[in-house]
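A.B. asks: Got a sequence here, can you model it:
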Amino acid sequence: MHRRHLLIAGGSFMALSGCASAGAGMMGGGAAPDPASLAEEARIARAVLPVQTPRAELLQPWTGPYGGVPPWDKVTAAKLRAALIEGIELQRNDYNAIANNPEPPTFANTLAAMQMAGEPLDLAGSIYGVMTSNIGSDDYNEVDTEVSPLLSAASDEISFNEKLFRRVKTVADNADAMGLNAQQKRIAERSRDAFIRSGAALSPEGKAELGRINTALANAFTAFSQKVVADENTWTVIPNEAGMAGVPADNKAAAAAAARARNVQGWAIVNTRSSVDPFLSFADDRALREQVWRKFVNRGDNGDANDTNATIAEIVRLRHQRARLLGYQNHAELRMQDTMAKTPAAAFDLMNRVWAPAKARVAEEVADMRAIAGHDIEPWDYLYYAEKVRKQKYDLDQNELKPYFELNNVRAGSFEMAHRLYGFTFDKLPTGAVPVWHPDVVVYEVKDAGRHVGLYYTDDYARPGKRSGAWMTTYRSHSTFDGDKNTLGSNNNNFIKAEGGAPILISLDDAETLFHEFGHTLHAYSSTVVYPALGGTPRDFVEYPSQVHEHWVLSRPILNGYMKHVETGQPMPQSLVDKIEAASTFNQGYATVSYLSSALVDMDLHTQATPPTDIDAFEKASLERYGMPKEIVMRHRLPQFNHLFTSDAYSAGYYSYLWSETMDADTWAYFEESGDVFNPDIAARFKSIMLAPGNTVDRGEAYRAFRGRDPDVRALLKVRGFPTS
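C.D. replies: Sure, this is the predicted structure:
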């Protein structure tokens, strides 16, 4: 889910996530009200809100089939701006009505009403996130620059409303006396605590200062995002065919198409990972590899108009000021209050447990590569010589795998996984059946055991202005409070489109990424949540449902039915699968160190007693303290670290992928140990306990209910091929 603006107490408790959206539900959360009670509660809540008639076109309730769909075909930057500005005013009126209600506070007239407040702005906000992330043209960037601080101020206005806070606190503090059920009590208490973390208990002077900080941060987040996108919208020209020697034919064709699209001669290696990594892995020309690598790793760090270092320093300074103002030692301590890890120390403990064996493995990998290369390994050599070692040790060539991973087949395989595990089906809608924001977008109807649960949009291809990476977004999340709401969401990738209808062949890593993002989708569409406020999950849980689904890519039923050779139509032979499995822990030193260095530096940056002002110097010093191998660079260097600096979402939280992977590895072991990776009993329990319930109960308690114990970190170490003792 990609929404940069968190309305702490608002409409649908919009959950911030660079990669994911979480489902929700009922496991262990206590009995929910019966339908009649819910209807009465919703009636009381709706009666509190003023009757308002939005003027802006993009604030109107969504119409059309499937419970109403976003009007992507009617969106323009001007209409979006008007909707967001008017939506802020309508939201203000809703919250003022709740705060100024003369009736004594109850769950229905306060907390339930808050879940309805700002509904028109929620609609426009869903559109806003897509147009700034998936389109990202200059006109939408202008809207983003103007409206981002206004949305931040609107969120602060809710948090700083003293009357509203007093009502929420009264309900939370008296939940038992009021007879609230477990879910209602959890909503009230979490809302009260979120208000406090957002400054509700500050003095008027403190609130004014916090408002200033939050507005400044909103501006800085927008500036950072736009600078990085601008640097990613560049490329390296390879002028002659000799420079493309070694590059697979499909990647070479994509680079030629990219050059033609940019009106340059030769081949263009676009400055995004999906273009750069294949070149670094296979291009024989070492000097060109270095040129492409330097351009990529220096995004945002070139001392020009798109340099982000000063912006980062400002963000870090403001975050530290905010944390101290709210009574915390640092930003990490503040951010980790509502996580599974709870403290920076707990996150560091897990990271350090994995860091040492990962570095040791890198030393082994480098020794193997030096033996082939005959020279020292530089960062632009690592992926290239890793492929040589893979071929030598395991007789496995990544190019041998790609013909089995045609994009449409991989997508179909993900659907089969969802059906076998959980009973979901995905039926493609005819073109034009519902509006889309770009002609590349394909839409599917989602059913759960034959029952309609939502629509699924896919946006698979890279284009100028679209942010890099892969992510999942939710436009409408499931809930049954105030009527049964279906789910609308999307998966977004950045594959390079082939010309002339040629098949799009992706790597095994790309296929796993597609299944990963689809795992977020399955989390959302599994939801049985009653109240929208319990639809999100902690940052260090949200990647768990996505990561575990990567494992099914190479399961035999999926391989046999869908991962078929693009030319012969034959499924991947077991001999090749055996090679992949034999090499499954290959290069895990590189993969772990490149990721974990980013997570360690993130936490290090946000636990400093004095925020650094020279970001490049801090990054270098931090890596030296951790003993970063010189042959590897962080997966995300600070100057381009979107997870950290386009919002607060993953700040002091990039460790969460490792935290989630601990549960993911332990869960996969559970399936494997059963003798059937599609074990229907385990799958049903996983869906009902881990996917469906959202945040109706503590996620650690939920995991213990599912697995019978806490996750075992040794499963993670085993998956990565590291010593488990």
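A.B. asks: Would you mark the buried spots in the helix or strand harbouring Phe515?
C.D. replies: For Phe515, the host element (DSSP states H and E) is helix 508-525. Applying a neighbour-count criterion of 16 or more other C-beta atoms under 10 Å, the buried positions in helix 508-525 are 508, 510-525. Glycine gets a C-beta too; all of them are placed from N, C-alpha and C.
A.B. asks: Give me the nearest residue to Asp139, chain neighbours excluded.
C.D. replies: Ala77 (3.8 Å; C-beta to C-beta, 6 or more residues apart in numbering).
A.B. asks: From what I see, the one you found and Asp144 are in contact.
C.D. replies: No. Here Ala77 lies out of contact with Asp144, judged by C-beta atoms under 8 Å, at a distance of 9.5 Å.
A.B. asks: Those two: which is more packed in?
C.D. replies: Neighbours around Ala77 and Asp144, counted as other C-beta atoms under 10 Å, are more numerous at Asp144. The numbers are 24 against 18.
A.B. asks: how far away is the residue located most distally from the centre of the chain from Ala177?
C.D. replies: Relative to the centre of the chain, and counting by C-alpha atoms, centre = their mean, the farthest-placed residue is Pro102 at 41.2 Å. Distance of Pro102 to Ala177, computed by C-beta to C-beta, to the nearest Å: 21 Å.
A.B. asks: element containing the residue farthest from the centre of the chain, please.
C.D. replies: Secondary structure from DSSP H and E places Pro102 outside every helix and strand.
A.B. asks: what's the spacing between it and Ala332?
C.D. replies: Using C-beta to C-beta, we find Pro102 at a distance of 42 Å from Ala332.
A.B. asks: for the longest strand along the chain, packing partners?
C.D. replies: Ranked by residue count under DSSP state E, the longest strand found in the chain is strand 451-461. Contacts defined by 3 or more C-beta pairs under 8 Å, 6 or more residues apart in numbering; DSSP states H and E place strand 451-461 against strand 442-448, strand 487-495, helix 508-525.
A.B. asks: mind redoing it with 6 Å?
C.D. replies: In this structure, strand 451-461 packs against strand 442-448, strand 487-495, with contacts taken as 3 or more C-beta pairs under 6 Å, 6 or more residues apart in numbering; DSSP states H and E.
A.B. asks: which of these sits most buried?
C.D. replies: Burial of the helices and strands packed on strand 451-461 is given as mean neighbour count (mean count of other C-beta atoms under 10 Å); strand 487-495 ranks first at a mean of 23.
A.B. asks: quick one: the helices in the stretch 1-150 of the chain?
C.D. replies: Here the stretch 1-150 of the chain has its helices, by DSSP state H, counting those that start in this stretch, at 35-48, 77-99, 113-116, 119-130, 138-159.
A.B. asks: Pull out the buried residues from the third one.
C.D. replies: Spelled out, it's helix 113-116. Using 16+ other C-beta under 10 Å as the test for burial, helix 113-116 gives 113-116.
A.B. asks: got these as TSV, with distance to Val264 and pLDDT columns?
C.D. replies: Below are those laid out as TSV (distance: C-beta to C-beta, whole Å; pLDDT from 0 to 100):
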residue	distance to Val264	pLDDT
Ala113	57	98
Met114	53	97
Gln115	52	95
Met116	53	96
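A.B. asks: quick check, nearest of the residues you listed to Glu365?
C.D. replies: Proximity of the buried residues of helix 113-116 to Glu365 (C-beta to C-beta) peaks at Gln115, which lies at 50.8 Å.
A.B. asks: Can you tell me the closest non-neighbouring residue to that closest one?
C.D. replies: Per C-beta to C-beta, 6+ apart, closest to Gln115 is Pro532, 5.2 Å.
A.B. asks: Which pLDDT value goes with that neighbour?
C.D. replies: Per-residue confidence (pLDDT) for Pro532: 93.
A.B. asks: swap in the one 5 residues further on?
C.D. replies: As summarised for this prediction, Thr537 has a pLDDT of 90.
A.B. asks: what about stretch 287-305, start to end distance?
C.D. replies: 27 Å (C-alpha to C-alpha, to the nearest Å).
A.B. asks: what comes up buried for it?
C.D. replies: 288-289, 291-293, 295-301.
A.B. asks: Could you do stretch 629-637 as well?
C.D. replies: The neighbour-count criterion (16+ other C-beta under 10 Å) identifies 629, 631-637 as the buried residues of stretch 629-637.
A.B. asks: Okay, Gly561 and Ala287: tell me how far apart.
C.D. replies: Using C-beta to C-beta, Gly561 is found at 44 Å from Ala287.
A.B. asks: and what of Leu455?
C.D. replies: 48 Å.
A.B. asks: and if you look at Ala345?
C.D. replies: Using C-beta to C-beta, Ala345 is found at 45 Å from Ala287.
A.B. asks: all strands of the stretch 101-250 of the chain, in order?
C.D. replies: 235-238 (DSSP state E, counting those that start in this stretch).
A.B. asks: mind checking how far the lowest-mean-pLDDT helix or strand in the chain is from the chain centre?
C.D. replies: Ranked by mean pLDDT, DSSP states H and E, the weakest helix or strand in the chain is helix 398-401, scoring a mean of 88. Centroid separation for helix 398-401 versus its chain: 28 Å, with C-alpha atoms, centre = their mean, to the nearest Å.
A.B. asks: same thing with stretch 559-566?
C.D. replies: Centre-to-centre, stretch 559-566 and its host chain are 28 Å apart (C-alpha atoms, centre = their mean).
A.B. asks: before we move on, what about stretch 572-587?
C.D. replies: 29 Å.
A.B. asks: mind starting the numbering at 890 from now?
C.D. replies: New numbering, starting at 890: the last item is stretch 1461-1476.
A.B. asks: which residues sit against that stretch?
C.D. replies: 1275, 1279, 1283, 1285, 1293, 1448, 1452, 1610 (C-beta atoms under 6 Å, 6 or more residues apart in numbering).
A.B. asks: just stretch 949-965 next, same as before
C.D. replies: Taking C-beta under 6 Å, 6+ apart as the rule, stretch 949-965 contacts 1016, 1323-1326, 1344, 1364, 1375.
A.B. asks: Tell me the buried residues within those residues.
C.D. replies: So, by 16+ other C-beta under 10 Å, the buried ones in the contacts of stretch 949-965 are 1016, 1323, 1325-1326, 1344, 1364, 1375.
A.B. asks: Pick out the most distant pair among these.
C.D. replies: It's Trp1326 and Asn1375 that sit farthest apart of these, by C-beta to C-beta, at 19.3 Å.
A.B. asks: shaky segments in this protein?
C.D. replies: Along the chain, the model assigns pLDDT under 70 to residues 890-922.
A.B. asks: quick one on the thing from earlier: so how far is the helix or strand that comes right after the helix holding Phe1404 off the chain centroid?
C.D. replies: Following helix 1397-1414 in sequence order, the next helix or strand is helix 1428-1431 (DSSP H and E). From the chain centre to the centre of helix 1428-1431 is a distance of 10 Å (C-alpha atoms, centre = their mean).
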